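Trainee: missing the sequence, but the structure's below:
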């Protein structure tokens, strides 16, 4: 066996005998992904229970009620009957209703005028503090209805202002009521797959826990130097490059195995979407390469086991925080989104987000992979520069 | 006295450790900043806009969308970039203004038709609904003006363009049928958005994790035989236990104080009733103390404590509602979540920050947390005492 492979095999054997490494690399990410998957279950549809308190009793109030019960809004709304406003408020407060409309007296009459006297009291939307979206939806529905009435009022006012005789007001109002608003919002689906939380936090947690390998490897390196293992290896006809290659290979395999396990298990058990296997594999390999070069940097920069441990922890947490492993980075302000692309895990998550939302094509994978490779190259270069400093020789002589 | 000396030594050891200071001081503050900024940003509607039409009516609609929507409207040069941002969840909705909007609008006004303004929606159904509502409101207002100008032009002569300024002026003047909103209850089950959400939840998360990871120090001291050597002197085991416990408590309290202080000073967090907040911070530091001492007796190596401790802390934090509100999870997960102390602490902070509660309002949470603390402390003390004297 090639010495590098022998060294890698020995490191891997040690790693898999270490219970902490198994827990961190394989058990913890799965447990946490499971928790996330359970937590976000059942938030896929949106529906509001609403009620109308009718103080108008006119034809517009009836039309409003009919609109709420129309088939177009049936998926969104369920109209419940309430005895009075007090009852509606109680139901809102205890969560039985999401929003309540209160139609004012004189609502119908208001549509047929254009002056201040004919404007009715406002339509009230009652909402609950914990259902801001329900309130927003109800306001929008009331707004849309009021917009039609206001358009009629505005048309009549504009005609009068342009010189139409005031005695023709009833005819103008009737004519204006025939018009439709000339612009209308139509909603088109984006055509992309909606991002499932598990498809984001699965890779997020997988990468987070894989990054702990930096600390493990760096610590074991310094432990071996302290115990004299490295000196003994150096006594054998093994070049320093071979030793480093072996250690890097072990870290690479351990981290890749951890990520791949996460991908397979979350896909099978929690329906996570990591994208096409080849594309996902490319992202994982690039991420793991970045991890290996980070390990080299930590080993090169630290002088003691303790320093290595500290530096690795700080790097790990700094990267996951910036890269978005713990917060959904797309929801963050633009400046944080840009900062995330300075980290390899940020690029990996960008790639996995794209794959999980159905984006396909070479550039979808190539861009993040290049981002991660660039990061790895810079990190490796930095590590190489640091090791040329005599006091930081990898193997003491 | 001996216990105090033990505490002082433990604290000095910790304060010399730069890595520990990173986790104790810097990390929580950066996390509060990142999560707070993200929660704040996501709480507002993020709308993208693609407009290819430079006509005056289209320009007016763009201006109206910009000024009326709650947050910044982000313009995209091409549709593909806007679609990618929407797909990734960077936007809640994208409005596509059709090329030649002015011309089609003129035609629609002539024959009574409507021009479709396309909104692309993605993300959760609720955010999409909210975005659609907001955009519809703006478009309806614009459409009403255009309709009125066209109506006036039809009745009294002129063009849509020439009547539009008048219609715009009248829209400000003519009393409208307004829609007003009223919130009927004040008892929120959520923390306030932004930093008032991230600061208390991260206090709960980090004080616990710091304590758990801190168990490593006890294990190291045990492995090095420090306790045995100390016990060779006229020192009682219970003094060592007491000393270690007070050092954990001191660290927990210091970290809490730091988060509360920075939260209030830099992020504008109102921590509510001071007495109740102090009680909650103290009892939570005691829970952390118990958990930290226990971790010092349960784990075998310092490495286990400092590696597995945070993982357990994160898992508990997720169960207990420090990573997302327990209001959004299924009821059964909410019940399970209350098996860990975190859920009770977060409930306490919700009462203080969102409902203006006082110490009496969080009596239940304080009692449960005190129970957790007592159970953990008793268990940890017995185990540690046994390890020291065995």
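Mentor: Happy to help now that I have it. Since the structure is predicted, the reported quantities are computational estimates derived from the model, not experimental observations. Numbers count the residues shown, from 1 in each chain, chains lettered A, B, ... in the order given.
Trainee: contacts and neighbour counts: CA atoms only from here.
Mentor: Will do.
Trainee: what are the ranges of the strands in the stretch 101-250 of chain B?
Mentor: Taking DSSP state E, counting those that start in this stretch as the test, the strands found in the stretch 101-250 of chain B are B:115-121, B:179-183.
Trainee: Quick one: find the helix or strand in chain A with the lowest mean pLDDT.
Mentor: Here the helix or strand of chain A ranked lowest by mean pLDDT, DSSP states H and E is helix A:107-110, holding a mean of 78.
Trainee: need the next SSE after that one, C-terminal direction.
Mentor: The first helix or strand that comes after helix A:107-110 along the chain, using DSSP states H and E, is strand A:123-127.
Trainee: Compute the inter-axis angle for the helix or strand following that next one and strand A:123-127.
Mentor: Later in the chain than strand A:123-127, the nearest helix or strand by DSSP H and E is helix A:132-161. Helix A:132-161 and strand A:123-127 are oriented at 170 degrees to each other (axes from the mean of the first three to the mean of the last three Cα atoms, to 10 degrees).
Trainee: does chain B sit close to the helix or strand following helix A:132-161?
Mentor: Counting by DSSP H and E, the next helix or strand C-terminal to helix A:132-161 is helix A:169-178. Yes. Helix A:169-178 reaches chain B (Cα under 8 Å from any Cα of the partner chain) through residue A:176.
Trainee: Could you list the buried residues of helix A:169-178?
Mentor: Residues of helix A:169-178 classed as buried under the neighbour-count rule (16 or more other Cα atoms under 10 Å in any protein chain shown) are A:169, A:172, A:173, A:176, A:177.
Trainee: Tell me the buried residues in the helix or strand of chain B at the bottom of the mean pLDDT ranking?
Mentor: Ranked by mean pLDDT, DSSP H and E, the helix or strand of chain B with the weakest confidence is helix B:18-21, at a mean of 80. By 16+ other Cα under 10 Å, the buried positions in helix B:18-21 come out as B:19, B:20.
Trainee: Can you give the distance of it from its chain's centre?
Mentor: Counting by Cα atoms, centre = their mean, to the nearest Å, helix B:18-21 is centred 25 Å from the centre of its parent chain.
Trainee: After that helix, which helix or strand is next? Please name it.
Mentor: Using DSSP H and E, the helix or strand that follows helix B:18-21 in sequence is helix B:27-43.
Trainee: buried ones in that following helix?
Mentor: For helix B:27-43, by 16+ other Cα under 10 Å, it's B:27-29, B:31-42.
Trainee: who's in contact with residue B:276?
Mentor: B:352, B:358, B:359, B:362 (Cα atoms under 8 Å, 6 or more residues apart in numbering or on different chains).
Trainee: Can you verify it is assigned to a helix?
Mentor: Yes. Counting by DSSP: H, G, I helix; E, B strand; the rest coil, residue B:276 falls inside a helix.
Trainee: Tell me how far it lies from residue B:234.
Mentor: 41 Å (Cα to Cα, to the nearest Å).
Trainee: Equivalent analysis for residue A:317, please.
Mentor: According to Cα to Cα, residue A:317 stands 43 Å off from residue B:234.
Trainee: quick one, which of those two is more surrounded?
Mentor: Each of residue A:317 and residue B:234 has its neighbours counted (other Cα atoms under 10 Å in any protein chain shown); residue A:317 has more, 19 against 8.
Trainee: Identify the residues contacting that one.
Mentor: By Cα under 8 Å, 6+ apart, residue A:317 lies in contact with residue B:27.
Trainee: In a helix, it, correct?
Mentor: Yes. Using three-state DSSP, the assignment for residue A:317 is a helix.
Trainee: if we can go back for a sec, can you point out the buried residues in the least confident helix or strand of chain A?
Mentor: Buried positions in helix A:107-110, judged by neighbour count with 16+ other Cα under 10 Å: A:107, A:108, A:110.
Trainee: From the residues you listed, list the ones also adjacent to chain B.
Mentor: Applying Cα under 8 Å from any Cα to the buried residues of helix A:107-110, those adjacent to chain B are residue A:110.
Trainee: who touches the least confident helix or strand of chain B?
Mentor: Helix B:18-21 is contacted from outside by A:310, A:311, A:313, A:314, B:14, B:15, using Cα under 8 Å, 6+ apart.
Trainee: mind listing which of the contacts of residue B:276 are in strands?
Mentor: Under the assignment DSSP state E, these contribute nothing to strands.
Trainee: Which ChimeraX command selects the buried ones in these?
Mentor: The buried subset of these, as determined by 16+ other Cα under 10 Å, is captured in ChimeraX by this line:
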select /B:352,358,359,362
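Trainee: What is the nearest of the contacts of residue B:276 to chain A?
Mentor: In terms of Cα to the nearest Cα, no member of the contacts of residue B:276 lies closer to chain A than residue B:352, at 16.0 Å.
Trainee: Tell me the spacing between that closest one and residue A:106.
Mentor: The spacing between residue B:352 and residue A:106, counted by Cα to Cα, is 43 Å.
Trainee: name the helices or strands packed onto the strand or helix carrying residue A:336?
Mentor: Per DSSP H and E, residue A:336 falls inside helix A:334-340. In terms of contacts (3 or more Cα pairs under 8 Å, 6 or more residues apart in numbering or on different chains; DSSP states H and E), helix A:334-340 is packed against helix A:305-323.
Trainee: The residue nearest to residue B:145 when sequence neighbours are not counted: how many residues sit nearby?
Mentor: Leaving aside its chain neighbours, residue B:145 sits nearest to residue B:167 (5.6 Å; criterion: Cα to Cα, 6 or more residues apart in numbering or on different chains). Number of residues near residue B:167 (other Cα under 10 Å) recorded here: 29.
Trainee: which residues sit in contact with residue B:167?
Mentor: Shown in contact with residue B:167 (Cα under 8 Å, 6+ apart): A:154, A:155, A:158, B:145, B:146, B:148, B:149.
Trainee: and the gap between the nearest residue to residue A:82 once chain neighbours are set aside and chain B?
Mentor: In space, not counting the residues next to it along the chain, residue A:82 is nearest to residue A:88; the distance is 5.9 Å by Cα to Cα, 6+ apart. Taking Cα to the nearest Cα, to the nearest Å as the measure, residue A:88 and chain B are separated by 10 Å.
Trainee: Against which helices or strands is the helix or strand where residue A:88 lies packed?
Mentor: Element membership for residue A:88 (DSSP H and E) is helix A:85-93. Where contact means 3+ Cα pairs under 8 Å, 6+ apart, helix A:85-93 is packed against strand A:48-54, strand A:99-103.
Trainee: closest one to residue A:216 among the ones you listed?
Mentor: Residue A:216 sits nearest to strand A:48-54 of all the helices and strands packed on helix A:85-93, at 50.7 Å, using Cα to Cα.
Trainee: Having no further points to raise, I will conclude here.
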